[in-house]
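Novice: need a structure here:
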Amino acid sequence: MFDPYVVRNDFPTLSIKVHGKPLVYLDNAATSHRPKQVIETVRKFYEEYNANVERGLHYLSQKASEMYEEAHEIVAKFIGARSWEEIVFTYNSTYALNMLALMMGFNILEEGNEILITLMEHHSNMLPWRFIARRVGAKVKYIMIRSDYTLDYKDLENKISDKTKIVAITQMSNVLGTINDVKYVAKLAHKVGAIVIADGAQSVPHMPVNVRELDVDFLVFSSHKMLGPTGLGVLYGRKDFLEELNPVIAGGGTIKDVTLKEVIWANLPEKFEAGTPHIAGAIGLAEAIKYLEKIGMENIREHEKQLTEYTLKLLSEELEDFVKHYGPTDLSVKGGIVAFNAKNYDHHAVAAFLDTEGIAVRSGMHCAHPLHHYLGLRGTVRASFYLYNVKEDVDALIDALKKLKKISG
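Specialist: Numbers count the residues shown, from 1 in each chain. Okay, here's the model as predicted:
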C-alpha cells in the first residue's frame, strides 16, 4: 500500500481553503486534481519543447514528436494494448464515443442491426448510439439493472442475438459505482459476432484495466479523470478494426496522399488524429500514468475500497434514518462512488450546504437521466474518492451531514 497523507503533498489544490475551511475534495468522478509532477511536465514542454508534431525537421518539432509518440506507447502499456498504434488521442471520452458511433454508422452498421447498451450508461455512451441508430435504421435495446443496483446479466442473455452488432457498456457506473463484468459481456457478444465498446472513463483511473484480458474491441477514457490535463481523451481500438475503419474527421495529419480523385490514409494512429493534437496534454497524461504506476493501480483500488467501506459503514450506523444510499454494497462490484440523498432535502441544497463546510461533491443527474428516472429520482448527491482522499475527508462529510440533519430538526 501507499501513504495517502504523503501523496497529498504532491497536489497543490488540496492545500487551499474554501469558505475559510480546508478543502475536502470528493468530486473525483467529475475530474481529478493534478500532482505537481504533471504540472511541471506540461510547463516544461511549453517552455522548452513547444512545436507542432509530425510536421517539421527542426529540433523542436522532432523533440515534440518523440515525446508525443512516447505518450502513445506509455498509454498502450498501461492498458495492455498490443501496440502504440492501437492508441488514438481524442479530446475526451465523449468525443471518442461519438467518433466510434459515426464510424460504425458509416462503415459497419446496417438497417435491422441491434445495439445493446445498459440503463446505467452516461449520456456519452447512450446518445451517440441512439443518434446513429436512427440514421441507419438500427434498433437500440437497453439492459436493465437488478434491485441491488448491479447489471441484470439474465436480461443481457435474453436480449443479445444474431441481430446484435454492437454492445456498448460502461465498466463502472458514474452514479452507482457499479463495476460491470465486461469480460463476461464480451464473451457473450463475441459469440454472436458483436463488437464490444467499453466506457472506461470511471474505471481506468481507479483500477487495473487490461484490454486484452477483458477482450474488448474498443475502450475509451479521459486524461482529466486520472491526474492528467483536460482536453485529452484516449480511444483504444484493436488494430484490425482500426485498419478497416475510415475516419469520420479528416484533414491535416490523417493522410499519406490526396489527389483530386482519391485519398490514401495515413498509418495508425495518425489517420484518426486530424489536425494539431493536444500535444502538451498527451505528454502530461504520460507523466500522470507514470505517477499512477509508481503507486500501483491495485493499491489505488484497495485504498478506495477501504474509503467506500468506511463511508457506507458510517452512513448506516449514524445516518440511516436521514441518508439513502444508491448503489451496490458489495465492494467487489463497487468503485469509490457513493450516491445518496438526504431526507426532505433537494440534492442541490445538500451540495450547496456541504460547500459551505468546504466539501466539494456533485449533485444532479450526473449525465445519467434515464437511470435516475428509472429509480424515481430527480437527482442525487455524489461523493467520489481518489488516491489522495483520506478517512478524515469521510469524517468531514459525515459530520457535515449530521449538522444538516440537526438543522432540519
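Novice: what sits against the nearest residue to residue 394 once chain neighbours are set aside?
Specialist: Spatial nearest neighbour of residue 394, excluding adjacent residues (C-beta to C-beta, 6 or more residues apart in numbering): residue 311 at 5.0 Å. Using the backbone N, CA and C atoms, a C-beta is placed for each residue, glycine as well. By C-beta atoms under 8 Å, 6 or more residues apart in numbering, residue 311 lies in contact with 338, 383, 394, 397, 398.
Novice: and the next helix or strand past the longest helix seen in the chain?
Specialist: Ranked by residue count, the top helix of the chain under DSSP state H comes out as helix 297-318. Elements were assigned by DSSP states H and E; along the chain past helix 297-318, the next helix or strand is strand 323-326.
Novice: buried set for that following strand?
Specialist: With burial defined by 16 or more other C-beta atoms under 10 Å, the residues of strand 323-326 counted as buried are 323, 325, 326.
Novice: now do the helix or strand just after it against helix 297-318, angle only.
Specialist: Toward the C-terminus, strand 323-326 is succeeded by strand 337-342 as the next helix or strand (DSSP H and E). Angle of strand 337-342 versus helix 297-318, following axes from the mean of the first three to the mean of the last three C-alpha atoms, to 10 degrees, is 20 degrees.
Novice: sheet partners, orientation included, of strand 337-342?
Specialist: strand 323-326 (antiparallel), strand 380-384 (antiparallel) (DSSP bridges).
Novice: CA atoms only: put it into CSV for me.
Specialist: What follows is strand 337-342, C-alpha atoms only, in CSV (Å, rounded to 0.1, in the frame of the first residue of the first chain):
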residue,chain,number,x,y,z
ILE,A,337,-18.5,6.4,-5.7
VAL,A,338,-21.3,6.9,-3.1
ALA,A,339,-24.5,8.5,-4.4
PHE,A,340,-27.1,9.5,-1.9
ASN,A,341,-30.0,11.8,-0.9
ALA,A,342,-30.8,13.4,2.4
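Novice: let me see the mean pLDDT of the next helix or strand after that strand.
Specialist: Scanning forward in sequence from strand 337-342 by DSSP H and E, the next helix or strand is helix 347-356. Mean pLDDT, helix 347-356: 98.
Novice: I'd like the next helix or strand past helix 347-356.
Specialist: Assignment by DSSP H and E places the next element after helix 347-356 at strand 359-360.
Novice: next one: the longest helix of the chain to chain centre, how far?
Specialist: 20 Å (C-alpha atoms, centre = their mean, to the nearest Å).
Novice: going along the chain, name the helices of the stretch 151-300 of the chain.
Specialist: Remark: helices assigned in the stretch 151-300 of the chain by DSSP state H, counting those that start in this stretch are 153-159, 182-191, 211-214, 239-244, 279-295, 297-318.
Novice: on that earlier part again, of all the strands paired with strand 337-342, which one is nearest residue 294?
Specialist: Checking the strands paired with strand 337-342 against residue 294 by C-beta to C-beta gives strand 380-384 as the closest, at 22.3 Å.
Novice: other residues contacting the closest one?
Specialist: 26-30, 175, 311, 326, 336-342, 347, 350-351, 354, 361-366, 372, 397.
Novice: relative to helix 347-356, how tilted is that strand?
Specialist: 40 degrees.
Novice: from now on call the first residue 27
Specialist: New numbering, starting at 27: the last item is strand 406-410.
Novice: got the domain ranges for the protein?
Specialist: 30-53+322-434, 77-320 (automatic domain parsing).
Novice: mean confidence for the last one?
Specialist: What domain 77-320 shows for mean pLDDT is 97.
Novice: and the end-to-end length of that domain?
Specialist: End-to-end distance of domain 77-320 (C-alpha to C-alpha, to the nearest Å): 29 Å.
Novice: now the strands paired with strand 363-368 in TSV, with mean pLDDT?
Specialist: TSV is the format used below for these (pLDDT from 0 to 100):
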stretch	mean pLDDT
strand 349-352	98
strand 406-410	99
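Novice: would you mind measuring from the spatially most central residue of the chain to residue 148?
Specialist: What sits nearest the mean C-alpha location of the chain, by C-alpha atoms, centre = their mean, is residue 227, with 0.8 Å. Distance, residue 227 to residue 148, by C-beta to C-beta, to the nearest Å: 7 Å.
Novice: overlap in contacts, the two.
Specialist: What both residue 227 and residue 148 touch, as defined by C-beta under 8 Å, 6+ apart, is the set 196, 200.
Novice: quick revisit: closest to residue 101 out of the strands paired with strand 363-368?
Specialist: It's strand 406-410; of those, that one is closest to residue 101 (C-beta to C-beta) at 22.9 Å.
Novice: so the next helix or strand after that closest one versus helix 373-382, what angle?
Specialist: Once strand 406-410 ends, the next helix or strand along the chain (criterion: DSSP H and E) is helix 417-434. Angle, helix 417-434 to helix 373-382, by the same axes, to 10 degrees: 120 degrees.
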